[in-house]
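could you look at this predicted model? Sequence included:
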There are 2 protein chains.
Amino acid sequence: MATIKDVAQLAGVSFATVSYVLNDSMPVSEATRNKVLAAVTKLGYQPHRQGRNLQRQRTLTIGVLLPQANLLCEVDLATWLLEATNAATSAGYSLLLQPAESQARGDLADGWISFGTPLDPQLPQVWALAPPFDQPAVLCDAAFAAQRAVETLIHSGMQRIGLITLPRSIPGSARWYLGYRRALRQAGLGFDPGLVVEPAANRFHDGVAAYETLAASENDYDGLIVCGHQLATGVVMVDHAKVPVIVSHSSSQRGISGFRWPTELWAHTLVRKLLQQLDGAAIAHRTWLNPSLVIGSLGFKEDLDGFNYV
Amino acid sequence: MATIKDVAQLAGVSFATVSYVLNDSMPVSEATRNKVLAAVTKLGYQPHRQGRNLQRQRTLTIGVLLPQANLLCEVDLATWLLEATNAATSAGYSLLLQPAESQARGDLADGWISFGTPLDPQLPQVWALAPPFDQPAVLCDAAFAAQRAVETLIHSGMQRIGLITLPRSIPGSARWYLGYRRALRQAGLGFDPGLVVEPAANRFHDGVAAYETLAASENDYDGLIVCGHQLATGVVMVDHAKVPVIVSHSSSQRGISGFRWPTELWAHTLVRKLLQQLDGAAIAHRTWLNPSLVIGSLGFKEDLDGFNYV
DNA sequence: ATACTTTATTTAAACGTTTAAATAGACGAG
DNA sequence: CTCGTCTATTTAAACGTTTAAATAAAGTAT
């Protein structure tokens, strides 16, 4: 691999000059700049990160704290990581994966990001190395989605709204419940615990079972919210859209209303915010990204205007 | 952050001695060794990776080539990455994510891994930086699963076996088809294209549609193989187990036979193999990991012995 | 006791880069 | 023609390690 000295030798200048050209940290004459750049391209030179870091204190690396339990229940972690990698790469950075519980040196990376929605009280304990709260937090909250879903149903004339939640074993699941209750409270509607069902797990047939539990109870409902890909698939299968249904993911079933989660934007925003912070910019501590509700064609009255059909 | 010089000063020795103690690369007297170790623990010293690397040519980092299209169709990429991270961390390494298409310096990491099953002819083009073929490949092949599924059904007396494949847009999907045909050929059974259905996508209702296409055709079948989580869920829902069914993932539905994919073992094995190779060991170029077939309670005759019930 | 071997420790160079300080060169002003 | 100023370039130190070579200390054989 070509070093900066090779470039300097080929260009016939000292290697400090090469450094100045590449970082333009000092004025360099047009002639030598061209000589250097020619040598750089000829040798295919790329600076050696470890060497650079020794002096500059920049690893050009962003650390990702990876908890053993996946804290992302609404979006796909793999997609999130891929997009974060893309965002970092286009800024010249790389992503470094580290278990959240490990005791790695903090200066292994220039900054650390993490994901999930660190709003549930029991979540912080997951982070051992560095609490994500010190970092720029970009949040995408299911409570917002739940609230929006309830408000939409109310706006459409519903009064008794059922909720099939995520099982509480899933981190962050409580956000749905919180948003649901908050929306009811703000709308002045009472809370009926009989309208809320918590399935055993987030699987297809748990959704079916939860739905049947709700249907079999004496509690009448005129609208329904279902959390979780698998659960929603099961519910939608047996429900036949007798009442308006809003599910957590818009792709779950054609025609059903659901949310689109901004996975890519989330990852990109978080990486960008961190890089801005590293450059010394004072940034907002918390940025909220909202999932958008995609109104489907099934289960809603025709006159449902004022919403974002997609 | 404490450096090796701080440790040396506190222990009252030269910093070379500290290095010798920590790497035990030279004999050191018991007395000084203790002094040094005491200083190390007192200061909480951890060696600075970038500094070490400059000399040693070891970044203690394993690069992961991340293609834009997820090549893993059978296992969850997020789990795979988490387990690879765990394996690397326990060996003192970190994982560095890099887009497969990027032109990063090869010496950014000590070695590179990638995943997927690079056996489909159209796959290699995805890898720009370094073809995974130079690295220790740990493969977990869907063709094996398909073959095993067909063999199991044949062994159980079936003759005309249906296949609902993954849509060809999914990388690696062809492996199922290949295994299916190979098994038929080896068993001396003819291939009937009417028994194979390719859905439009890997979604719940595509599974239902594919099943109905197969059922509506004049082609009789006495066993069925279904690929893909979502597809299988849909198929199993409408099928009611009239014939023995084997799906790609054992967790899809209770009682249905399916495969358990060794995600964790896969990631750990790949990382371990790479580390062994870095240590100079000559290792097998390709290691095969096989998914295990979990025979369910539905759809098989009672006398199905000789198989691994789980 | 002297010379030689062995063992423990230190000195110093090296890795690839950045950057402060020194130097050389060109230009104007006196 | 000399001095000072400005600009372009080089020299050298520094970053945190490893490791080859040098040195010191101790032990063994003569």
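Noted; the coordinates are in hand.

hey, where'd the strands end up in chain A?
Counting by DSSP state E, chain A has strands at residues A:61-66, A:94-99, A:111-113, A:137-140, A:161-164, A:196-197, A:223-226, A:245-247, A:257-260, A:286-289, A:292-294.

can I get those in JSON lines with mean pLDDT and distance to residue B:70?
For the C-beta atoms, the positions are set from N, CA and C on the backbone; glycine is no exception. What follows is these, written out as JSON lines (pLDDT from 0 to 100; distance: least, CB to CB, whole Å):
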{"stretch": "strand A:61-66", "mean pLDDT": "91", "distance to residue B:70": "18"}
{"stretch": "strand A:94-99", "mean pLDDT": "95", "distance to residue B:70": "16"}
{"stretch": "strand A:111-113", "mean pLDDT": "87", "distance to residue B:70": "21"}
{"stretch": "strand A:137-140", "mean pLDDT": "81", "distance to residue B:70": "21"}
{"stretch": "strand A:161-164", "mean pLDDT": "96", "distance to residue B:70": "29"}
{"stretch": "strand A:196-197", "mean pLDDT": "96", "distance to residue B:70": "33"}
{"stretch": "strand A:223-226", "mean pLDDT": "94", "distance to residue B:70": "26"}
{"stretch": "strand A:245-247", "mean pLDDT": "92", "distance to residue B:70": "23"}
{"stretch": "strand A:257-260", "mean pLDDT": "92", "distance to residue B:70": "19"}
{"stretch": "strand A:286-289", "mean pLDDT": "84", "distance to residue B:70": "23"}
{"stretch": "strand A:292-294", "mean pLDDT": "92", "distance to residue B:70": "23"}
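
residue A:18: what's it in contact with?
A:4, A:7-8, A:11, A:36, A:39-40 (CB atoms under 8 Å, 6 or more residues apart in numbering or on different chains).

okay, the strands of chain A in CSV with mean neighbour count and distance to DNA strand C next?
What follows is these, written out as CSV (neighbours: other CB atoms under 10 Å in any protein chain shown; distance: least, CB to the nearest atom of the strand, whole Å):
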stretch, mean neighbour count, distance to DNA strand C
strand A:61-66, 25, 15
strand A:94-99, 23, 16
strand A:111-113, 22, 18
strand A:137-140, 22, 29
strand A:161-164, 26, 55
strand A:196-197, 21, 58
strand A:223-226, 28, 54
strand A:245-247, 28, 51
strand A:257-260, 22, 42
strand A:286-289, 13, 30
strand A:292-294, 17, 42
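
of all these, which lies closest to chain B?
Among those, strand A:94-99 comes nearest to chain B, with 4.1 Å by CB to the nearest CB.

related to what we said a few turns ago, I'd like the strands of chain A as JSON lines, with distance to residue B:139 appended.
Below are the strands of chain A laid out as JSON lines (distance: least, CB to CB, whole Å):
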{"stretch": "strand A:61-66", "distance to residue B:139": "25"}
{"stretch": "strand A:94-99", "distance to residue B:139": "22"}
{"stretch": "strand A:111-113", "distance to residue B:139": "32"}
{"stretch": "strand A:137-140", "distance to residue B:139": "36"}
{"stretch": "strand A:161-164", "distance to residue B:139": "40"}
{"stretch": "strand A:196-197", "distance to residue B:139": "43"}
{"stretch": "strand A:223-226", "distance to residue B:139": "38"}
{"stretch": "strand A:245-247", "distance to residue B:139": "37"}
{"stretch": "strand A:257-260", "distance to residue B:139": "35"}
{"stretch": "strand A:286-289", "distance to residue B:139": "38"}
{"stretch": "strand A:292-294", "distance to residue B:139": "39"}
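
wait, which of those strands is closest to residue B:30?
Judged by CB to CB, the one of these that comes nearest to residue B:30 is strand A:94-99, at 34.9 Å.

and that closest one, anywhere near chain B?
Yes. Judged by CB under 8 Å from any CB of the partner chain, strand A:94-99 and chain B are in contact via A:94-99.

for chain A, what are the low-confidence residue spans?
A:116-135, A:240-241, A:251-254, A:297-310 (pLDDT under 70).

number of residues surrounding residue A:28?
17 (other CB atoms under 10 Å in any protein chain shown).

equivalent analysis for residue A:142, please.
Residue A:142 has 25 nearby residues by other CB under 10 Å.

before we move on, what about residue A:277?
Counted with other CB under 10 Å, residue A:277 comes out at 15.

confirm for me that residue A:226 is in contact with residue A:243.
No. Under the criterion of CB atoms under 8 Å, residue A:226 makes no contact with residue A:243, lying 11.7 Å away.

rewinding a little: by neighbour count, which of the contacts of residue A:18 wins?
Neighbour counts for the contacts of residue A:18 peak at residue A:7, which has 27 neighbours (criterion: other CB under 10 Å).

and the gap between that residue and residue A:49?
16 Å (CB to CB, to the nearest Å).

now the longest helix along chain A: buried residues?
Secondary structure of chain A per DSSP state H: the longest helix is helix A:263-278. Within helix A:263-278, the residues that count as buried by 16 or more other CB atoms under 10 Å in any protein chain shown are A:263-264, A:266-275.

same check, this time on stretch A:227-247
Buried-residue list, stretch A:227-247, by 16+ other CB under 10 Å: A:227-237, A:239, A:241, A:243-247.

and for stretch A:69-81?
Applying 16+ other CB under 10 Å to stretch A:69-81 flags A:70-81 as buried.

I'd like the residues you listed as JSON lines, with distance to residue A:55 appended.
Formatted as JSON lines, those follow (distance: CB to CB, whole Å):
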{"residue": "A:70", "distance to residue A:55": "38"}
{"residue": "A:71", "distance to residue A:55": "37"}
{"residue": "A:72", "distance to residue A:55": "37"}
{"residue": "A:73", "distance to residue A:55": "43"}
{"residue": "A:74", "distance to residue A:55": "42"}
{"residue": "A:75", "distance to residue A:55": "39"}
{"residue": "A:76", "distance to residue A:55": "39"}
{"residue": "A:77", "distance to residue A:55": "35"}
{"residue": "A:78", "distance to residue A:55": "36"}
{"residue": "A:79", "distance to residue A:55": "36"}
{"residue": "A:80", "distance to residue A:55": "33"}
{"residue": "A:81", "distance to residue A:55": "30"}
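
re earlier: of the buried residues of helix A:263-278, which fall within the contact range of chain B?
Answer for those near chain B: none qualify (CB under 8 Å from any CB).

what is the nearest of those to residue B:279?
residue A:271 (34.0 Å).

pretty sure the closest one is in contact with residue A:88, am I right?
Yes. The criterion here is CB under 8 Å, and residue A:271 meets it with residue A:88 at 5.3 Å.

which neighbours do those two share?
Between them, residue A:271 and residue A:88 share the contacting residues residue A:62, judged by CB under 8 Å, 6+ apart.

hang on, the earlier thing: what is the nearest of the buried residues of helix A:263-278 to residue B:202?
residue A:263 (18.1 Å).

which residues touch the nearest residue to the closest one once chain neighbours are set aside?
Nearest residue to residue A:263, sequence neighbours excluded (CB to CB, 6 or more residues apart in numbering or on different chains): residue A:75, at 4.3 Å. Residues near residue A:75 by CB under 8 Å, 6+ apart: A:140, A:261, A:263, A:266.

residue contacts, the residue most central in space within chain A?
Centroid-nearest residue in chain A, with CA atoms, centre = their mean: residue A:266, separated by 4.4 Å. By CB under 8 Å, 6+ apart, the contact list for residue A:266 reads A:75, A:80, A:83, A:115, A:138, A:140, A:289.

the fifth one is in contact with residue A:270, isn't it?
Yes. Using CB under 8 Å as the test, residue A:138 is close enough to residue A:270 to be in contact (4.2 Å).

got the residues of chain A near DNA strand C?
By CB under 7 Å from any atom of the strand, the residues of chain A that approach DNA strand C are A:1, A:3-5, A:15-16, A:19-20, A:22-23, A:25, A:47-48, A:51-52, A:54-56.

tell me, how many residues neighbour the residue nearest to residue A:45 when sequence neighbours are not counted?
Spatial nearest neighbour of residue A:45, excluding adjacent residues (CB to CB, 6+ apart): residue A:2 at 4.5 Å. Look at residue A:2: counted by other CB under 10 Å, it has 15 neighbours.
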